[in-house]
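Colleague: Model the following, please.
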Amino acid sequence: MTESESVVYRVVPKCACSTIGQIMYYSDHGEFFDGDIHDATSGMHKWAIADSQPKIKANVKTRTSYAFTCVRNPYTRILSSFFDKICGIQRNGKRYRGNLVPLLIQKYGIEVGGEDGKEDFDQIRSFRRFLLFARDTIRWRRPMEPDIHWSAVSGHVSTFIVNGGRYNKIFWTEAFNDGMQEVLNHIDTPHAIDLNNIPRFNESEGHGPKRAHPVEDYFDDLSMHLIYEIYKRDFELFKYDFENPGNKMPVGEIDLDEVHAKLGD
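Modeller: Here you go, the predicted model:
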């Protein structure tokens, strides 16, 4: 939530959250946060900051401010998580979650492009093995709890509803400017935002190897079955095309009433 309480945003990992955070920061302060917005400990309210929690809770309960979130195609989102979090070196210079990658190499036989993630490896084979691991964490919570970067978007979105909030807008990462502009049209900010001149703050960019193939090449029949098992609600609620992994664009309009009804129990 902005300090001015102009807007409330439910963060969903791997869904343009860095760019949205920086836009919110700029709208209050007239400048971008110097660094990764996820590292900011002042200048905006965050649930992870103890002093912010009462303010966010009060605002959400009373639905005082315009509230929104942003979602993404499950196929491209989990691919992005694989290249960034599993194959990539993080901004602290280390592997994500310490022993996670060695565990995946040992238990699932994946490759990640060597020590620095820059060596050639069979991306498709390794990704499909990672998908088995992601399914195991989500379905059976082993060998560990599911990670926020590949747990379902609908799960992230639902906590806001369950705790008394109501979204005024849910938009797609794939139509970012249109969706973000609609949010900005509905709120008053201390500083105006020109979306055409806002850089994209992709904090995961460059962490890992580049994707070497089209999206659809990574998903065979079994992979698609696993994806549907994990992300069925995401496809249905946010209107993405399950049948065609190569089509990242939505195929229908998001029905906010349906989202609140199905995620609010």
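Colleague: low-scoring stretches of the stretch 101-250 of the chain, by residue?
Modeller: Within the stretch 101-250 of the chain, the stretches with pLDDT under 70 are 203-206.
Colleague: Okay, strands next: where are they in it?
Modeller: Under the criterion DSSP state E, counting those that start in this stretch, the stretch 101-250 of the chain contains strands at 169-172.
Colleague: can you give me the helices for it?
Modeller: 123-140, 153-162, 176-185, 221-238 (DSSP state H, counting those that start in this stretch).
Colleague: how about a markdown table for these, with distance to R211 and mean neighbour count added?
Modeller: Bear in mind the C-beta positions are built from the backbone N, C-alpha and C, glycine included. Shown next, in a markdown table, are those (distance: least, Cβ to Cβ, whole Å; neighbours: other Cβ atoms under 10 Å):
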| stretch | distance to R211 | mean neighbour count |
| --- | --- | --- |
| helix 123-140 | 7 | 18 |
| helix 153-162 | 20 | 19 |
| helix 176-185 | 19 | 16 |
| helix 221-238 | 15 | 17 |
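Colleague: Around N163, how many other residues sit close by?
Modeller: Neighbour count of N163, defined by other Cβ atoms under 10 Å: 11.
Colleague: any idea how far E174 is from it?
Modeller: Note on N163: its distance to E174, by Cβ to Cβ, to the nearest Å, is 27 Å.
Colleague: so what's the closest residue to F176 other than its chain neighbours up against?
Modeller: Closest residue to F176 apart from its sequence neighbours, by Cβ to Cβ, 6 or more residues apart in numbering: A16 at 5.8 Å. Contact analysis of A16 by Cβ atoms under 8 Å, 6 or more residues apart in numbering lists C70, R72, T173, F176.
Colleague: out of those, which is most surrounded?
Modeller: C70 (26 neighbours).
Colleague: these two touch, right, it and I20?
Modeller: Yes: if you go by Cβ atoms under 8 Å, C70 and I20 touch, sitting 6.2 Å apart.
Colleague: list the residues that contact both of these two?
Modeller: Shared contacts of C70 and I20, defined by Cβ under 8 Å, 6+ apart, comprise M180.
Colleague: now, the most widely separated pair of the contacts of A16?
Modeller: Greatest spatial distance among the contacts of A16 (Cβ to Cβ): R72 and F176, at 9.9 Å.
Colleague: Would you mind stating the distance between I148 and H156?
Modeller: 7 Å.
Colleague: Now for E258: which residues touch it?
Modeller: When contacts are counted by Cβ under 8 Å, 6+ apart, E258 touches L237.
Colleague: Checking my notes, it in a strand, right?
Modeller: No: counting by DSSP: H, G, I helix; E, B strand; the rest coil, E258 falls outside a strand, being helix.
Colleague: Now do the shared contacts for I148 and H156.
Modeller: P13.
Colleague: Can you tell me the closest non-neighbouring residue to V112?
Modeller: Taking Cβ to Cβ, 6+ apart, and ignoring the residues beside it in sequence, V112 has C87 as its nearest neighbour in space, at 4.5 Å.
Colleague: G264 is nearest to which of the helices of the stretch 101-250 of the chain?
Modeller: Closest among those, using Cβ to Cβ: helix 153-162, at 4.5 Å.
Colleague: Mind listing residues that contact that closest one?
Modeller: With contacts defined as Cβ under 8 Å, 6+ apart, helix 153-162 is touched by 10-13, 15, 60, 67, 69, 71-72, 74, 77, 148, 167, 170, 231, 233-234, 237-238, 259-260, 263-265.
Colleague: same thing but at 6 Å, please
Modeller: For helix 153-162, contacts defined as Cβ atoms under 6 Å, 6 or more residues apart in numbering pick out R10, V12, T69, V71, R233, D234, L237, H260, L263, G264.
Colleague: repeat for stretch 222-229
Modeller: R128, L131, R135.
Colleague: how about 7 Å then?
Modeller: With contact meaning Cβ atoms under 7 Å, 6 or more residues apart in numbering, stretch 222-229 is reached by P74, Y75, R128, L131, R135, F219, F242, P245.
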